[in-house]
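**Q** give the three-dimensional model of this entry:
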Amino acid sequence: MFNVMQVAIHIANSEPTYKSCYDLMDAEGVDRNDVKLSLPTVMALDPDTMELIGFLGTHYQDNLIIAGPMVLKEKNIMILWRLCEAYESAMRALGITQYIMSVEDGNIMDLAIKRYDPPGMEKYAREGNRDFYVRRLNHGH
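**A** Residues are numbered from 1 along each chain as shown. The predicted structure follows:
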């Protein structure tokens, strides 16, 4: 197994890169729910094979920027952390100061939020088996 800190991080920027994300959603049994992935969708690649091992997508719904889905081939908190850090860097670079996170019950992001209670997150809605959080970015780091 590779060193998780060596994971290659890329931004999906073409139809083939988005297709690989949709393919991973299908392989991992994640319901697409009519999600159309958009910029920035951050991808984690195995540094040896450049195979997609996870991503944190972006989609738009009712003029809201929604972070999600988070899909990981291997449930690994360090890969999740690397994706979240890269995602927030991309959002800051785009000048976005807050966005909505859609988190499905029981997935790794749900468990991480409940365990670590990250600052700058406020739960504001629930729909079906998902919680929605407002994520406010701190521009200080």
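**Q** can you pull the phi/psi pair for the spatially most central residue of the chain?
**A** In the chain, the residue lying closest to the centroid (CA atoms, centre = their mean) is Leu56, at 2.1 Å. Per-residue torsions, Leu56: phi -120, psi 110 (degrees, to the nearest 10).
**Q** low-confidence stretches in this protein?
**A** For the chain, the stretches flagged by pLDDT under 70 are 1-5, 139-141.
**Q** picking that back up, show me what contacts the residue nearest to the centre of the chain?
**A** Neighbouring residues of Leu56 by CB atoms under 8 Å, 6 or more residues apart in numbering: 41-42, 67-70, 83-84, 86-87. For glycine as for every other residue, the C-beta is placed from the backbone atoms N, C-alpha and C.
**Q** next one: Asp26
**A** Counted by CB under 8 Å, 6+ apart, Asp26 has contacts Arg32.
**Q** sec struct for it, please.
**A** Secondary structure for Asp26, judged by DSSP: H, G, I helix; E, B strand; the rest coil, is helix.
**Q** over to Cys21?
**A** Secondary structure, three-state DSSP: Cys21 is helix.
**Q** next, count neighbours for it.
**A** 22 (other CB atoms under 10 Å).
**Q** ok, now which ones touch it?
**A** Per CB under 8 Å, 6+ apart, neighbours of Cys21: 12, 37, 41, 43, 52, 55, 57, 71.
**Q** the residue nearest to the centre of the chain bridge partners, please.
**A** Leu56 has these beta-bridge partners by DSSP bridges: Val42, Met70.
**Q** no further questions, thank you.
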